[in-house]
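Test case, fold it:
(5 chains)
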Amino acid sequence: MELKERIETIVGSTGEVRIDRGNIVVEVKEPKKIIEIAKKLKAEGFDHVKSVSGVDYSDQGYFEIVYHVSSYSTPELAKAILVLKVKVPSDNPRSPSLIEIWPSVEMMERETYEMYGIIFEGHPELKRLFLPEEFEGVYPLRKSFKIKEEGIMA
Amino acid sequence: MGLLTNLVDHLKAIGTGLKYLIPRRLTLMYPEYVEKLPEGYRGYLRYDNEKCIHCSLCARICPANAIKMYRGGDKKLRPGINYTRCIFCGFCADICPTGALEYTTIQDIAYEKLEDQVYPPEKFAKGVPQPVYPEKPIFIIAKVDEERGLKYDRV
Amino acid sequence: MSEEGYMLLQIGPQHPGSGHMRMLVKLDGDVIVDFIPDVGYVHRTVEKIAETKLYIQNIPLLEKPILNDSGNANLAYIIAVEKLLDVEPPPRAQYLRTIMAELSRIASHLYGIGILSILIGSSTGFMWAFGDREIFIHLMQMMSGARITYSYMVPGGVRRDLPDQFREEFRKAARYMRRRYKDYEKIIIKNPVTRARLEGVGVLSREKAIEWGTVGPNLRASGVAYDVRKVEPYAAYEDIDFEIAVREEGDCYARLLVRFQEIMESLKIIEQALEKIPNGKILAEKYEKMIQPRAKKLVEGTGRIKFPAIYVNLKPPKGEVFSRVESGKGEITVYLVSNGSPKPYRLRFVTPSFRNLLTFKNLIPGHRLADFPAIYGSLDYFPPGADR
Amino acid sequence: MYDLINYLWETGLNLLFSPEIFEPLVFPGLIAAFSLLIVVIWLERKIAAIIQMRYGPYYISRHTEGALQLVADLLRFLFSEVIIPKSVDKIAYVLAPIILFAFTFLPIVVIPVSKDFAAIDHEYSLLIALALMTLYSSFLLIVSWASNNKFSFIGGLREGFLSLSYEIPLIISALSAAVLFDSFNLIEIVEKQAAMGWGIFYNPLAAIVFLVVIIYSTSRYPYEIAEAESEIVIGPFTEYTGILFGLGMGISYIKLYSMSLLYAVLFLGGWEPVVWPLNLHPVLPGIILFIKAFIIVAFSVFLRAVYPRYRIDQALRIAWWKLFTLAFLSLLFSYGIKIIEVMG
Amino acid sequence: MILIGNMEEFLRRAAKWLIEKKPIRDVRDWGIHFSLWPVHLTTACCGVEFAAVSDPKYDAERFGVLPFVGPRQTNFILIEGTLTRKMARAARLVYEQMPEPKFVIAMGACAIDGGIFWNSYNIVRAHEILPVEVFIPGCPPRPEAVIQAVMKLQKKIKRGDYYYGVERED
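Numbers count the residues shown, from 1 in each chain, chains lettered A, B, ... in the order given. Below you'll find the model as predicted:
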């Protein structure tokens, strides 16, 4: 696939590129490098982020931040979904914010911060978005935050 | 020129308003006329004690955990439903392999008490809650109509 | 509360123009200088709850945030699950899904038009749009057996076949809608007051729309011809011929027109789908044969299906998928991570309203106070969708 | 004894039917205004409902299509708790709507019912009516100020802006009628119309401007700006509860009524034509006047179902550019007619 | 100022005494039960269906139910679906701002017991913070069910079975 090769050259040694169910997955090795890659991807034509998700793998000691990037302006890139993954340690989750490159991440990074406590360095407004004040310092989407579950018996 | 088209548009808007002054109502006069919902509408559930095979699939699939299994006197599991949680998705009736749970087309009920909405197996098996109408309603079927949008035919 | 001559206005959550959110509006005279949407009033933690529910139980759950367009929300999730499970629904089911999605889109657009109308003061626009929405709800009720929350699609297919009278009913509805459009045109679309309120207001340029990741009709009203149905056809859209409604102006009026145009386009899509729909099963072979024969007998001739017992124990293999669907309000994306257990490990559900939140926030400053409801309505922003 | 009762009855009746009492109290004053209020708000909801393909108020009185709806609403307002927020200026808060209500009534008194029946038959009665009408907005400002609420405040400001802009076309278009009929006396104006024909045919421009100003100044759609629901709740009356709010809701309709009466007098020939049964008593021609005014009122409330609302700057622009210019033109037009009359 | 204060108290008492008298009470209850104005407080997605209740097909205005703008002028809260913690505060505030007599209907499974969101960490049950008169199960309930609830409430008011000016027990 041509696109995959193009992205491989962009990413170079800073990450791993593979194809998973039709989407191109880029696993960035170090959080710091993500800005560099994002800049190059933006230049390539990937102009917006569809979703930013955190995934809690704290049993393995890390959180994963997943950016789903695509394009509006370039029709052939619009067909592709580029999955940009970066791992941050769960005891000190920090990653550079991509807001400078893709302003569309603003609210989603804020939400990821709120739900996982992942700090996006350089984000201008990193504070609670959805939750009321009493959730300050509590990160509900982490696996360690348990909610009620009921069985099938009365 | 712009002024003129503007004026025409104003007049057209007012004209349309005047045109609709001839009543062509879409309203279903609810308590007197009650819509008979199509067969297979997912309303309140009917539970048949006889058909139940105590498989508890309904409780396992219930997305809102509204159906719970109660262990009766005969040590068998039977479902009871809590309508305060039920979302009327109909999954329970669709997965019930024997048709012990079925949906009815009843869907217009309000309760004054919280406790009344919990139906343990015995109460559940007794029957479906019935809506109260101020007078005997006339049942109708809604149909799409080219002229008026919806029309209501008596059953 | 005023500082340096500004007035800070708190709009909502109890306010006729706010919906389910609070907005902090800083006014300089009549002009808004700063705008902070305070969302989260309907944050029901869907993503967390989804991790405690089975795959099948999440179907109704994910419909709730986008209640007025639940057909499409349902489809987005089911596509993701099917990708994980590696199931392909039969062609008839694909067409039924398309019909459902388009009816849902029409209902959603009519909802949006109604809300926009009431926000700029036209109660007739609201009532007409909601009244006509009832017709499409009636059609969807015929198809799925519910008024709003259809839960129509299940992994591997759909729950019900097309009712017999559906074609006839839809044909009438389409004719009715096309005729009504002329009246809408006179009283809302071309009404000089509507045009004065909407034209040139809340202009979203093409560049900004791309930058802020705007979705749906709002994006297309700004001149970007992006529609998931064309870019990555799902369900039966590949076989169906339709046009993307695009306008260049990017103002509130263009967004209103795009919505109307899409309603008309959706009618065409459904007509085509009803023409081309093949006969056959509505549930994938794999699940069809797991249904107990005695259960099958119960629903014979009703067009409904019974669920196989495997549905309470769907265990997709380890992996992750990403699905996108063009809903009435815009692109819905679902990112689903499975670890092999019967419950999703992570379900990321990004709704169109959440993605439009940024646009909403950035578009308001610089406008007058009276423009704020117009822009709010024209974006078709649905707070429960944004908050999830 | 019998004589005494008879005497009292006669004088009482005479007193009641003397214009000074009858006008403010019965017609076109309090009683007529109140019954119109109840009917008109119901009518507004009903018209809107019919255009919107539904029923509107119904179950309260099925045989009269829910005409009692407003009685129920009034009763509720009457019996609901009156909350006076801590943060308001109490006296102003309570008194302002009452005074406003009273002052909205005043212009009605000036309007004559028929040739021989007027509470105030003054040489400048038109000017008195106009002057009293312009008092409205200043009291509305007090209402909005007294509430100490930001939405009320903005509503008050909007009303202030609007009143500045609608008063001028209002006065000019009324003037052009006065010029046309060569008088400031409302009775004389009607008499002249009886002789020449209705004002609306002589000077349609002024009639149109006046009609738009009626809609504009009484906050009907598309100029429902001071109370714009989706923007500023209900403007000046946001903080008001119970019967005080009930008053507030009625005020703009009373104003609409009084302006429509004036409109009927200025442009629609007032109580003319006085045909047979109506010439039996000087009060009876008032029926015609009332019907004419009612048509104007009904048209104004009908517009709710047709239009969205303008933005305030657009409304101001319309007032200053279009209405003002048109009003001015109508004045010139009236002078033109006058000149032709004099020449010819 | 003291005089006015006493006057106010006196008037209040006199008014209360007056409106509890039999014929006046009946008239009052008749008026109120046909004039239930719900406040514009959309708490969650059932608002979609509540809008449908006043749409041309169901037309709640027939019953005198007219959704109105502010808490001060209305007497009826319809909790439309889930109350999140943030919204619960707002709902409570709105309820307190409304003049007596006031009524609450909880619409939808979410408002009653959380519905499908029963285990969410961010929701509040309506009856825990407000005195709910009628519950409507369903997710979302059909407009017919909402009309049923309104009729039930009307019947209750007609009976005079509600608190007015009395301190509530809860």
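
Could you pick out the longest helix of chain B?
Longest helix of chain B, by residue count under DSSP state H: helix B:2-19.

send the alpha carbons of that helix over as PDB?
Listed next in PDB are the C-alpha coordinates belonging to helix B:2-19 (Å, rounded to 0.1, in the frame of the first residue of the first chain):
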ATOM      1  CA  GLY B   2     -34.700  43.400  -3.500                       C
ATOM      2  CA  LEU B   3     -37.300  45.400  -1.700                       C
ATOM      3  CA  LEU B   4     -40.000  44.100  -4.000                       C
ATOM      4  CA  THR B   5     -39.100  40.400  -3.700                       C
ATOM      5  CA  ASN B   6     -38.900  41.000   0.100                       C
ATOM      6  CA  LEU B   7     -42.500  42.300   0.000                       C
ATOM      7  CA  VAL B   8     -43.600  39.300  -2.100                       C
ATOM      8  CA  ASP B   9     -42.000  36.900   0.400                       C
ATOM      9  CA  HIS B  10     -43.700  38.700   3.200                       C
ATOM     10  CA  LEU B  11     -47.000  38.400   1.500                       C
ATOM     11  CA  LYS B  12     -46.400  34.800   0.700                       C
ATOM     12  CA  ALA B  13     -45.600  34.000   4.300                       C
ATOM     13  CA  ILE B  14     -48.800  35.700   5.500                       C
ATOM     14  CA  GLY B  15     -50.700  34.000   2.800                       C
ATOM     15  CA  THR B  16     -49.500  30.600   3.800                       C
ATOM     16  CA  GLY B  17     -50.500  31.500   7.400                       C
ATOM     17  CA  LEU B  18     -54.000  32.400   6.200                       C
ATOM     18  CA  LYS B  19     -54.200  29.300   4.100                       C
END
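
Now that helix: buried residues?
By neighbour count on 16 or more other CB atoms under 10 Å in any protein chain shown, the buried set for helix B:2-19 is B:9, B:10, B:12, B:13, B:14, B:16, B:17. (Each C-beta comes from the backbone N, C-alpha and C, glycine too.)

any idea how far residue A:124 is from the residue of the stretch 1-150 of chain C found nearest chain A?
Distances between the stretch 1-150 of chain C and chain A by CB to the nearest CB are smallest at residue C:40, namely 3.5 Å. Counting by CB to CB, to the nearest Å, the gap from residue C:40 to residue A:124 is 19 Å.

Ok, residue C:327 next?
Taken as CB to CB, the span from residue C:327 to residue A:124 is 30 Å.

Have a look at the two and say which one is more surrounded.
residue C:327 (28 against 9; other CB atoms under 10 Å in any protein chain shown).

residue contacts, that one?
By CB atoms under 8 Å, 6 or more residues apart in numbering or on different chains, residue C:327 lies in contact with C:66, C:69, C:72, C:73, C:76, C:101, C:104, C:105, C:108, C:216, C:352.

quick one: which of these has the most company?
residue C:352 (33 neighbours).

Report the contact partners of that residue.
Contacts for residue C:352 (CB under 8 Å, 6+ apart) come out as C:66, C:215, C:216, C:327, C:329, C:330, C:331, C:332, C:385.

repeat that for 10 Å
With contact taken as CB atoms under 10 Å, 6 or more residues apart in numbering or on different chains, residue C:352 is in contact with C:66, C:69, C:72-73, C:108, C:214-219, C:325-333, C:379-382, C:385-386.

Test my guess that residue C:161 contacts residue C:90.
No: under the criterion of CB atoms under 10 Å, residue C:161 is not in contact with residue C:90, lying 11.3 Å apart.

Residues that sit against both of the two, list them.
C:96, C:281, C:282, C:283.

Poorly predicted segments of chain A, please.
For chain A, applying pLDDT under 70 flags the ranges A:1.

which residues of it fall in strands?
With DSSP state E as the criterion, chain A has strands at A:15-20, A:23-28, A:48-57, A:62-70, A:82-89, A:94-96, A:119-121.

Likewise for chain C?
Under DSSP E, chain C gives strands at C:7-11, C:22-28, C:31-38, C:153-154, C:157-158, C:319-326, C:331-338, C:346-350.

Could you say which one of those strands comes nearest to residue C:198?
strand C:31-38 (17.1 Å; CB to CB).

How about that closest one and chain A, touching?
Yes: contact of strand C:31-38 with chain A (CB under 10 Å from any CB of the partner chain) involves C:36, C:37, C:38.

Spit out the contact partners of residue A:152.
B:56-62, B:65, B:67-69, B:77, B:79.

Of all the strands of chain C, which one comes closest to residue D:170?
So among the strands of chain C, strand C:31-38 is nearest, using CB to CB, at 28.6 Å.

Name the residues of that closest one that are buried.
So for strand C:31-38, counting by 16+ other CB under 10 Å, buried means C:32, C:35, C:37, C:38.
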